[in-house]
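**Q** 3D model of this:
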Amino acid sequence: MSVILGINSFHSDSSAALIVDGVLIGAIAEERLGKRIKHDPSFPINAIRFLLSHANLKVKDVTHIAIPKNTQVNMFAKMNYTLKNLNTSLPAVKEFFQRKNKIDNFKNYLEKVFGESSSLFTYRVVNVEHHLAHISSAYYASEFESKTVGFSYDGSGDFTSLMLAECEGNKIKIKDRLHLPSSLGFFYTALCQFIGFEKFGEEYKVMGLAPYGNDAYKDEMNKLLPIQQNSKWFSLPDKYFKMHSGGECGALDSSGHVHMSKIYKESFQDLFGFPRKRTEPINQKQKDIAKSTQLHFERVLMHCINSAYELIPSNQIAMAGGCALNGVGNAMILRESPFDKQFIQPAASDDGTALGAAYWCLFNKVGYKHREIFSPYLGGGYSFSNPSKHFNDSSYEFYECLDSNELTYKAASLIADNKVIGWYQGRSEWGPRALGNRSILANPLTKNMKDIINLKIKRRESFRPFAPSILEEDVSEYFEQTVVSPFMQHVVKFKEKYRGIFPAVVHVDGTGRLQTVSHKSNPLYYKLISELKKVTGHGIILNTSFNENEPVVETPQEAIDCFVRTDMDCLCLNNWIISKKNK
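**A** This next block holds a predicted model:
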């Protein structure tokens, strides 16, 4: 028996994945469990416990531990940079060895966590280079078997920011790497910080803000990140950007957020003036910088994508890495490049590397041949009994739905009646997007619904849009670009005639970050949207993650707590519907 445990740790978005005899048992980020800190960087104790318990296994049963980090790779590039930048790089070198020591001592962590003697552990440690793990997470989860481009890009990992690989069958061959300090992820994050979104993982806010701006800083962007037509990739000028200079990677600040050092230099002010402080209002300047940032990101991305095609001619591309969460860029690749088939892993950020490392181990070390059909519903699934144990006052009423027909019919009727519902069903989703199992759902036809949810439930910035989940077969009717996007990874334009019809999910530029839903991918969610279509005439629903400035809810109790403290009207929790009275 092979039991492969993939672990991403000592870095933001720590996570674990478990594959037993070729079957993906589950995968979950540590933030969904335990302390419930967004982008939790701690050792994924709770994630590992959950997965092993789910499979009725112990650490002594694990045959392989796959780690998405390989400290032995890219040594020449690391040393070359260190020698050229001795004054600033020595603290980072110290941190490198500290983290290497932690990774090399997994047995100590596992022994303490599980109370098992390390003398019983027989697992083999398999180190997988960071971006190879990213590409593995996408390619092995895809249905591609003929020649495919593997493309990973993010801020950094194993001193690399971009990797290109040729994938075929179960083999992945690395063709090229782009080393630090050049990084498209650093470029985007630096401007995110300058705009005033300095917390870890807030790049999506820049993408949401960009449509409100004008491309007023195109020339400045070309100075920050010149596109070199005679080069495959790109480079960041030292004048404007600085590398990480030490300190514990993934450490938490005083407010409990993952610590982020400032990536941009003071010379940014020569181009843009003073940065915005987080407490200051967002003005047109920040909107314009966001717009120019996103557009330049797209220009550089397309330059890289075209280079990738020239190096590996194929119409298929499998993508991962934090930058692969840029839905506008993803849709552009399908519109404007030779790639007409694309697979993007739902947990494209570093949490997904735990799965990628496990996959790579499965096919390249264990020698497994068969690939199973991938599903993103890899987290916990929890039973739930009588809600009266949780709601003991007269402010709530309960309806027990004995089958899916009654549940979806009642839920669709509530949504059509402009009720906002929490939708909690089955196993939780892998990755940052709510895909119909841990979602807040509402009527996309209602004009003020976006403001209601942002203000009273999500309690977040008003400029951030909500996603439309749509029946897969209806995409070409409503959108200018026909895409299949089951993991909510593409931002595309609504057809003009529909933009005024769905005000709650159409962004200011006429786009939507759609999720396509098929009966195969999620039968219950598909049934719900189909029932809503019978009432409204449209197979589209507003979908946002089930949370309130916290990680997405994982357990029934977390769903109940979020429902109670916000202005949601109803909660569909497994086969129960709980409603607030007098709403």
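**Q** longest helix of this protein?
**A** Looking across the chain with DSSP state H, the single longest helix is helix 284-311.
**Q** Can you get me the start-to-end distance on stretch 555-572?
**A** 13 Å (CA to CA, to the nearest Å).
**Q** Repeat that for stretch 274-285.
**A** End-to-end for stretch 274-285, by CA to CA: 11 Å.
**Q** list the helices and strands the longest helix of the chain packs on?
**A** strand 148-157, strand 160-168, helix 184-195, helix 203-209, helix 218-224, helix 327-336 (3 or more CB pairs under 8 Å, 6 or more residues apart in numbering; DSSP states H and E). For glycine as for every other residue, the C-beta is placed from the backbone atoms N, C-alpha and C.
**Q** Check which helices and strands the following helix or strand past the fifth one sits against.
**A** Pointing back at helix 218-224 there. For helix 218-224, the following helix or strand on the C-terminal side (DSSP states H and E) is helix 268-272. Using 3+ CB pairs under 8 Å, 6+ apart, the elements in contact with helix 268-272 are helix 184-195, helix 218-224.
**Q** between these, which one is nearest to Met1?
**A** Closest approach to Met1 among the helices and strands packed on helix 268-272 (CB to CB): helix 184-195, 38.5 Å.
**Q** pLDDT averaged over the closest one - what is it?
**A** Across helix 184-195, pLDDT averages out at 96.
**Q** what's next to it, contact-wise?
**A** The contact list for helix 184-195 (CB atoms under 8 Å, 6 or more residues apart in numbering) reads 153-156, 161-162, 198, 202-203, 205-206, 209, 224-225, 234, 236, 240-241, 260, 262-264, 268, 272, 275-276, 282, 286, 289-290, 293, 297, 300-301, 304, 321-323, 326.
**Q** Just the buried ones out of these, please.
**A** 153-156, 161-162, 198, 202-203, 205-206, 209, 224-225, 234, 236, 240-241, 260, 263-264, 268, 272, 275-276, 282, 286, 289-290, 293, 297, 300-301, 304, 321-323, 326 (16 or more other CB atoms under 10 Å).
**Q** hey, which helix or strand in the chain has the poorest pLDDT?
**A** Every helix and strand in the chain was compared by mean pLDDT, DSSP states H and E; the lowest is helix 86-103, with a mean of 61.
**Q** does Ala358 sit in a helix, a strand or a coil?
**A** Secondary structure assignment for Ala358 (DSSP: H, G, I helix; E, B strand; the rest coil): helix.
**Q** what's near enough to touch it?
**A** Ile4, Leu5, Gly6, Ala17, Leu18, Ile19, Ala66.
**Q** Neighbouring strands - and their directions - for the helix or strand harbouring the fourth one?
**A** When you say that, I think you mean Ala17. Taking DSSP H and E as the criterion, Ala17 maps to strand 15-20. Strand 15-20 has its sheet partners listed here by DSSP bridges as strand 3-8 (antiparallel), strand 23-29 (antiparallel).
**Q** Pick the most deeply packed of those.
**A** For these, the largest average neighbour count (mean count of other CB atoms under 10 Å) is found in strand 3-8, namely a mean of 29.
**Q** quick one: contacts of that one?
**A** 14-20, 27, 44, 48, 51-52, 55, 57, 61-68, 106, 123, 350-351, 353-359, 361-362, 366.
**Q** Thr482 - how many residues pack around it?
**A** 12 (other CB atoms under 10 Å).
**Q** Could you verify that Pro468 is part of a strand?
**A** Yes - under three-state DSSP, Pro468 sits within a strand.
**Q** Helix or strand for the closest residue to it other than its chain neighbours, just tell me which one.
**A** Spatial nearest neighbour of Pro468, excluding adjacent residues (CB to CB, 6 or more residues apart in numbering): Val505 at 4.0 Å. Assigned by DSSP H and E, Val505 belongs to no helix or strand.
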